[in-house]
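Chemist: I would like to see how this sequence folds:
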Amino acid sequence: MAQSEFNLDHEISWFVLPSYWAKIIVGLLSCMCFANSYDGDFVFDDSEAILNNKDLRAETPLGDLWHHDFWGGKLSSNTSHKSYRPLTVLTFRINYLFAGGFHPVGFHVLNIILHCAISVLMVDVFSILLGGLQYNSKGRRLNLAPKASLLAASLFAVHPVHTECVSGIVGRADLLCALFFLLSFLGYCKAFRENKEGNHFSIFWVLASILLGAIAMLCKEQGITVLGVNAIFDALVINRLNILEVIQKVLHKDKSLESGGLFRKGLFFRITLLLLGGATMLCMRWRIMGTGPPAFTEVDNPASFADSLFVRAINYNYYYSLNAWLLLCPWWLCFDWSMGCIPLIKSVSDWRIIALAALWFCLIGLICQGLCSQDSHKRRILTLGLGFLVIPFLPASNLFFRVGFAVAERVLYLPSIGYCMLLTYGFGLLSKQAKKKKMLAAAVLGILLTNMLRCAIRSNQWRSEEQLFRSALSVCPLNAKVHYNVGKNLADKGNQTAAIKYYREAVRLNPKYVHAMNNLGNILKERNELQEAEGLLSLAVQIQPDFAAAWMNLGIVQNSLRRFEQAEQSYWTAIKHRKKYPDCYYNLGRLYADLNRHIDALNAWRNATVLKPEHSLAWNNMIILLDNTGNLAQAEAVGREALELIPNDHSLMFSLANVLGKSQKYKESEALFLKAIKANPNAASYHGNLAVLYHRWGNLDLAKKHYEVSLKLDPAAPGTKENYSLLKRKLEQLQKKGDV
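Modeler: You can find the predicted model right below:
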């Protein structure tokens, strides 16, 4: 390097540590930031990706993972989001098997470990990006930027924008993708261990790098971009190409280009290998996907649905500026940026245009410096920094295909590498100009400590859904999904009054938000506000005619309003749109039972149990209906069948015990009653019916005991008072006879 060139590591006022100490410190910093999330719950998307994902369970064949999307649905389905991440799902499955169920601690701990490992790897990655790739005579890579690499890796380790990936379990896709992305990059660097000039290279390590890139892609789609990063690194660092000179030679058709580094050092061959590898991955990915791209809705990514090309372009660029701001100032973080969180820019008079201008002013300035600077070291760092910032972000840019979000913090995990690299370079420039370098170092240390504090606060918010959803209210008050999720969390906790407020606000912000209408209609139905509930649910199915859950809930409301024909039609419409809908068959059976259509009711409940064998309510209703209609033998058979499938369900034990008591199978009936009472000792009806059994059987003392327990638990228990009075009169009569 010439004397006139800027030496980044020489200018930085920072710590000089041996490589292993630098890695230990970075690992500890990354762990400290997110350690408080280790005992958090499953939150937000974890429900669909983990709790409701059948691919995690042992009974699902491992082969199914390769045909299903990230959420456990068939990849070939038109409703699939096409997110193909089988290796990430495999790690979830391993977590599930080792933990013996859905225990979130193991899932969170593994995420924290992955982030620590990635942060440690970043020390090596930044030492190459900032210091160059050189080996000693023994083949060991030299760290030519120990201070700069430590600073950049520390900035990466404690960046708050990573919280979603680390503290949210679903973020493991980004973590695994980043891990193999970095391993692919480091593997590519190993290909030049023997000769740094690139005249000789290891094809094995180039192919290994491509394979690791494929593995990264199987963790998350973004992983394929490592091939582009490797290509830029090869051109700039291995072949030391001056991009501006190459462009000029291409434009002037300069024949010296062919005899230059492009062919002489094997760059063209390696780029060809990378292109072939990338093309193979994309072809296989498209073949596995089976159908066209996923269908997203306007609320997910409103800019992509704008009719005007101008509006789309302006808003895409505004999204980019927001992503850049999240990297620069990660204070306002939100779990979801859709549904009105970012209103569209529809005119150049919108003041937010300033953000676009600022973004492109900075980018163009960096690009010009990266291309035109006479300092090769500066050119390399700026171009590589921009490459790592931009290339991994391309799949989320809407340039090649529509994505299902406007802004998402998780997609910034890999681009933050480029940001930390550019920030470290900027710190080096300031250090060169600053007279009080210690003050500048103290300022950077302050940034690290502030980011660590923000990480701790944010990861604590990710520990529970209530904290996570409420934290978004101040960041995205116009986001209907935020209000919906706060309302849903309150409803799950039984606070229906507060939930109604947030559901109404969600519907106000997004009048077509059918899920908010459905949930609000459900609560109003339970509060017997049937007219408003019917109006909301009718509007929901009008907006989305294939919304099966809303059709079923509408049927329940219509049944309560005694509009039986309409209710039946609503139930069948729900089943039409969702063939396997056991809950809907159950409610349809209740409608038929109310209409005394007993055969139809039994058939509907039987369908429910076929689709969902553990559907306790459907089994119970079948037993009770058969019992009430005098079909005791059939009721007993159904009860025994149900208990074989759900042996620990006390309500089924109770219903079958009643049937056996009427069939005078007292001993067996008594055993089931006692077993049901052991499972649920505070059920007054269990004690009351057992007392009736003893009363019939002639065990009057035991009957008296259980009547009294039943009345103690529920003084207004129907029939129990009368039966107890009858028993007391009988006991008095027996006592008088005994006295005589």
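Chemist: from the chain's centre, how far out does stretch 117-127 sit?
Modeler: 26 Å (C-alpha atoms, centre = their mean, to the nearest Å).
Chemist: Begin at 21 from now on, thanks
Modeler: Got it, the first residue is 21 from now on, which makes the last one we talked about stretch 137-147.
Chemist: Run through who's touching that stretch.
Modeler: 39, 42-43, 46-47, 49-50, 161, 163-166, 168-170, 172-173, 176-177, 195, 198-199, 202-203, 205-206, 437, 440-441, 444 (C-beta atoms under 8 Å, 6 or more residues apart in numbering). Glycine gets a C-beta too; all of them are placed from N, C-alpha and C.
Chemist: What mean pLDDT does it get?
Modeler: Per-residue pLDDT over stretch 137-147 has a mean of 96.
Chemist: Could you double-check that residue 181 lies in contact with residue 345?
Modeler: No - the criterion here is C-beta atoms under 8 Å, and residue 181 misses it with residue 345 at 10.4 Å.
Chemist: neighbour-wise, which of the two wins?
Modeler: residue 181 (25 against 16; other C-beta atoms under 10 Å).
Chemist: After the lowest-mean-pLDDT helix or strand in the chain, heading C-terminal, what element do we hit next?
Modeler: When the helices and strands of the chain are scored by mean pLDDT, DSSP states H and E, helix 281-284 comes last with a mean of 54. For helix 281-284, the succeeding helix or strand toward the C-terminus, using DSSP states H and E, is helix 287-309.
Chemist: so what does that following helix touch, helix or strand wise?
Modeler: helix 223-239, helix 246-253 (3 or more C-beta pairs under 8 Å, 6 or more residues apart in numbering; DSSP states H and E).
Chemist: For residue 590, find the nearest of these.
Modeler: helix 223-239 (42.9 Å; C-beta to C-beta).
Chemist: avg pLDDT for the closest one?
Modeler: 95.
Chemist: Over to stretch 247-257?
Modeler: Rounded mean pLDDT across stretch 247-257 is 92.
Chemist: May I have that stretch as CSV, with CA atoms only?
Modeler: Extracted C-alpha coordinates of stretch 247-257, given in CSV (Å, rounded to 0.1, in the frame of the first residue of the first chain):
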residue,chain,number,x,y,z
LEU,A,247,-22.9,-15.5,-4.4
GLY,A,248,-23.2,-11.9,-5.5
VAL,A,249,-21.2,-10.7,-2.5
ASN,A,250,-18.5,-13.4,-3.2
ALA,A,251,-18.3,-12.2,-6.9
ILE,A,252,-17.8,-8.5,-5.8
PHE,A,253,-15.2,-9.6,-3.3
ASP,A,254,-13.3,-11.6,-5.9
ALA,A,255,-13.3,-8.7,-8.3
LEU,A,256,-12.2,-6.0,-5.8
VAL,A,257,-10.0,-7.8,-3.4
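Chemist: gap between it and the chain center?
Modeler: 32 Å.
Chemist: Residues in contact with it: which ones?
Modeler: Contacts of stretch 247-257 (C-beta under 8 Å, 6+ apart): 148, 152-153, 201, 204-205, 208-209, 218, 229-230, 233, 261, 263, 287, 290-291, 294-295, 297-298, 399-400, 403-404, 407-408, 411-412, 414.
Chemist: Is it possible to mark the buried ones in the residues you listed?
Modeler: The neighbour count (16 or more other C-beta atoms under 10 Å) marks 148, 152-153, 201, 204-205, 208-209, 218, 229-230, 233, 261, 263, 287, 290-291, 294, 297-298, 399-400, 403-404, 407-408, 411-412 as buried among these.
Chemist: all helices of the stretch 21-170 of the chain, in order?
Modeler: 28-31, 39-54, 66, 106-119, 124-151, 166-177 (DSSP state H, counting those that start in this stretch).
Chemist: The ones you listed: which one's closest to residue 603?
Modeler: helix 66 (23.1 Å).
Chemist: who touches stretch 739-751?
Modeler: 704, 708, 711-712, 715, 720, 723-724, 727-728, 730-731, 734.
Chemist: Can you add distance to residue 138, secondary structure and pLDDT and give these back as CSV?
Modeler: Shown next, in CSV, are the contacts of stretch 739-751 (distance: C-beta to C-beta, whole Å; DSSP: H, G, I helix; E, B strand; the rest coil; pLDDT from 0 to 100):
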residue, distance to residue 138, secondary structure, pLDDT
704, 58, helix, 90
708, 62, helix, 89
711, 65, helix, 89
712, 66, helix, 89
715, 70, helix, 85
720, 74, helix, 86
723, 69, helix, 87
724, 70, helix, 87
727, 67, helix, 88
728, 66, helix, 88
730, 61, helix, 89
731, 64, helix, 89
734, 59, coil, 88
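Chemist: and the residue lying closest to residue 197 once chain neighbours are set aside, what is it in contact with?
Modeler: Distance criterion C-beta to C-beta, 6 or more residues apart in numbering; nearest residue to residue 197, sequence neighbours excluded, is residue 240 at 3.8 Å. Counting by C-beta under 8 Å, 6+ apart, residue 240 touches 103, 105, 108, 193-194, 196-197.
Chemist: Farthest-apart pair in the residues you listed, please.
Modeler: Going by C-beta to C-beta, the pair spanning the contacts of residue 240 furthest: 103 and 196, at 13.4 Å.
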